[in-house]
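Next one to model:
(one chain, ligands or ions: 1)
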Amino acid sequence: MCGIVAVIGSRDAAPLLLEGLKQLEYRGYDSAGLATIEFSSQASNNGSLTCLRAGGKLVNLNSLVDRDGAPGQLGIGHTRWATHGKPEEKNAHPHRDSSGGLAVVQNGIIENHRYLRKELESEGVSFLSDTDTEVIPHLIARQLQLSLAEGMSPSGSILVEAVRKVSLELKGAYALAVIWDKTPESLVVARRQAPLLIGLGEGEFLCASDTPALAGFTRTILPMEDGEVALLTPLGIELYDIRGERQQRSPSLLNGLEDVVTKRNFRHFMLKEIYEQPEKAKLWVDRHLPYGLPASSPIAYPFENSFYEGIERIQILACGTSRHAGMVGAYLLEQFAGIPTSVFYASEFRYSAPPLAPNTLTIGVTQSGETADTLAALAMESRRRKSHGNPAFAPRQLGITNRSESSIARQVPNILDIGSGIEVGVAATKTFLGQLLAFYGLALTFASRRKSRSVEEITTMANELRNLPSQLFSLIEKHDQLSISLSQMFSETQNVIFLGRGINYPIALEGALKLKEISYIHAEGYPAGEMKHGPIALLEKRVPVISIATPGVVFEKVLSNAQEAKARDAKLIGVAPNGLAEEVFDALLPIPEVSEWMSPLFSVIPMQLLSYHIAANRGLDIDQPRNLAKSVTVE
Ligand code: AGP
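Purely as a prediction, here's the structure:
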């Protein structure tokens, strides 16, 4: 999390930095800052560094820049999601060395910062913030002092070398950008386990932690590899690996960012993104489910036969909403395609993975492609399998992501791009649907290859998926209206319980997560049958229960569980087809009567819209809820 932008060129840096930061605000919005350098004297070759920082959202930094100005064609900017130190001005980036002439912005966590801070303090350095980042400018300054003491002159070369050497001292994950007033024509950037991309613009070079910040300026990008350090000057880019060896690589072109980020006529990005789901589902159907494919190979996915061969089990690693999609995926892969499948919190898997099993496909699910825990869990799994030596245990990995240019795509050999388009709202909606569809495609493919389902069953599911876009379209319009009125009853609510079973249990979890994220109402999702084992003690008339009851093996069971809740005076809201069990519920959010397999694709819509309208009624900042960030690039 946190967003970094940097630029060196011939026009004023500050407006570019602010524009780039605006596109990155979804990565964090606790505070923001920038530093620029302007030539103050050609003769001395020194620049003068301006550093401006403001607590709160980017708009506060905008005002500061308008008021005080930030001249110069070289600059670095940052939007923060607090890890170390409260979200206040003194902890906002950039952080500077004791002279004030060297400024650093950083994304990530420096895990050995306490040790480094003590060491620097013992050398007489005073710290002005509570952040882990502040050690970096002091360490670089110390390194530069050594070079100057050896008689070297200030130059981009000694700056890049100082940053490289300091990188070796840092533990943890980071992306950083550095400027120094003694070298006003040099920008140095570095990364380890946190994304950073260089952009090649017209007459300028840029650098950012994510593509939207670059897309307005250039389509030509050079993603930095892990451990690399780069020197950007008006003349070009010098790229070095962590040993200081010069690297040569060609840039690539950015695609698919045309629909970046306007709300159109919607009040919030989240609502716009909910409404985009039918169109995105149609794109997926057109791309992957064209008519005429043989039942033996019902999905057009970009994998060779060998990708599917010999897989005996699947494990899914993900966080948050992506894990919920993985849970639906696991249900489909086990129950429809017959492959034993487990789902893990990536953050837990990293440190307590199960014993290795042979012929296992590991699927990482991450819409951003940058979630640190998911990437680290995948890397750890790959390492331990490689070191095993037996080919049956070799790593086989697939990434399901919405960002095919992201870190996961550089880490994992096989990628399924869900193609949902950039999602700006912090609460994932259209990308959840995209992830679900990716799993439906995998389940269909495995089922037909393994003959765990008949041709008729496979054809039926494929046709149901083809009908999805048009059904979703009317469902969203209807539920938008229904949720507006139903949301009124939540004006004083403090706790909500979501119940689901089987394939809809993950949707209950997702409903609870959506509500918590954007409305700050405490909510829990439970498997409906588990209620009576404890959570039922929470129920009383002020605790609404939202129960997903869709026809299938557990339909009657869910209705019984719902009635147990009603008997405890809870207000009962059903997500169920019309005409099957209205009498059970105090209010009904009707969804079409579809097969049990398909039901999550429909039951999630009322979850999204009800949460949205409850939060909107409360006047909350739906697209940028407190304490959250869109991609979580720290552990
Ligand atoms: C979803 O609404 C959340 N913002 C969050 O749980 C998210 O799904 C999680 O952080 C994982 O993100 P990823 O898909 O980018 O890996």
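
Please, where are all the helices along the stretch 351-500 of the chain?
Using DSSP state H, counting those that start in this stretch, the helices of the stretch 351-500 of the chain run over residues 372-386, 407-411, 430-450, 455-486.

Check the stretch 151-300 of the chain too.
Along the stretch 151-300 of the chain, counting by DSSP H, counting those that start in this stretch, helices occupy 156-169, 212-215, 269-275, 277-288.

Leu24 is nearest to which of the ones you listed?
helix 212-215 (4.9 Å; Cβ to Cβ). Yep, even glycine has a C-beta here, placed from its N, CA and C like the rest.

mind checking how far that closest one is from the chain centre?
Here helix 212-215 is found 16 Å from its chain centre; the criterion is Cα atoms, centre = their mean, to the nearest Å.

circling back: any chance of the helices of the stretch 151-300 of the chain in CSV, plus mean neighbour count?
As requested, the helices of the stretch 151-300 of the chain are arranged in CSV below (neighbours: other Cβ atoms under 10 Å):
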stretch, mean neighbour count
helix 156-169, 20
helix 212-215, 24
helix 269-275, 24
helix 277-288, 19
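
mind putting those helices in CSV, mean pLDDT and distance to Val634 included?
Shown next, in CSV, are the helices of the stretch 151-300 of the chain (pLDDT from 0 to 100; distance: least, Cβ to Cβ, whole Å):
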stretch, mean pLDDT, distance to Val634
helix 156-169, 97, 17
helix 212-215, 88, 19
helix 269-275, 96, 23
helix 277-288, 95, 29
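
And those helices: which comes nearest Glu19?
Of all the helices of the stretch 151-300 of the chain, it is helix 212-215 that lies closest to Glu19, at 8.2 Å by Cβ to Cβ.

other SSEs contacting the closest one?
With contacts taken as 3 or more Cβ pairs under 8 Å, 6 or more residues apart in numbering; DSSP states H and E, helix 212-215 sits against helix 13-24, strand 204-208.

now the helices of the stretch 151-300 of the chain as TSV including distance to Gln397?
Listed next are these as TSV, based on distance: least, Cβ to Cβ, whole Å:
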stretch	distance to Gln397
helix 156-169	27
helix 212-215	26
helix 269-275	28
helix 277-288	20
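
Comparing the helices and strands packed on helix 212-215, which comes out most buried?
Of all those, strand 204-208 carries the top mean neighbour count, a mean of 26, counting by mean count of other Cβ atoms under 10 Å.

Please name every helix or strand in contact with that one.
strand 3-9, helix 13-24, strand 187-192, strand 197-200, helix 212-215, strand 229-233.

so that strand versus strand 187-192, what angle?
With axes from the mean of the first three to the mean of the last three Cα atoms, to 10 degrees as the basis, strand 204-208 and strand 187-192 are set at 30 degrees to each other.

Can you check what angle separates strand 204-208 from strand 229-233?
150 degrees.

partners of strand 204-208, with directions?
Counting by DSSP bridges, the strands paired with strand 204-208 are strand 3-9 (antiparallel), strand 197-200 (antiparallel).

Tabulate the ones you listed (TSV), appending mean neighbour count and distance to Lys263.
Shown next, in TSV, are the strands paired with strand 204-208 (neighbours: other Cβ atoms under 10 Å; distance: least, Cβ to Cβ, whole Å):
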stretch	mean neighbour count	distance to Lys263
strand 3-9	29	19
strand 197-200	23	25
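
Which of those sits closest to the ligand?
If you check each of the strands paired with strand 204-208 against the ligand by Cβ to the nearest ligand atom, strand 3-9 wins as the nearest, at 14.5 Å.

chain center to the closest one, what's the gap?
Centroid separation between strand 3-9 and its chain, computed with Cα atoms, centre = their mean, is 21 Å.

I figured Gly399 hits Gln411, correct?
Yes - using Cβ atoms under 8 Å, Gly399 is in contact with Gln411, at 7.5 Å.

Which residue does the stretch 301-450 of the chain have closest to the ligand?
For the stretch 301-450 of the chain, Cβ to the nearest ligand atom, closest residue to the ligand: Gly320, 1.9 Å.

Give me the more crowded residue out of Gly399 and Gln411.
Shown here are Gly399 and Gln411; by other Cβ atoms under 10 Å, Gly399 has more neighbours (28 against 19).

show me what contacts the more buried one?
363-366, 369, 378, 408-409, 411-412, 414-416 (Cβ atoms under 8 Å, 6 or more residues apart in numbering).

and if you look at Asp480?
Shown in contact with Asp480 (Cβ under 8 Å, 6+ apart): Leu271, Leu609, His613.

so can I have CSV of the helices of the stretch 351-500 of the chain showing mean pLDDT and distance to Pro184?
What follows is the helices of the stretch 351-500 of the chain, written out as CSV (pLDDT from 0 to 100; distance: least, Cβ to Cβ, whole Å):
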stretch, mean pLDDT, distance to Pro184
helix 372-386, 96, 34
helix 407-411, 89, 32
helix 430-450, 96, 42
helix 455-486, 94, 53
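
just the ones you listed: most buried one?
For the helices of the stretch 351-500 of the chain, the highest mean count by mean count of other Cβ under 10 Å goes to helix 430-450, at a mean of 25.
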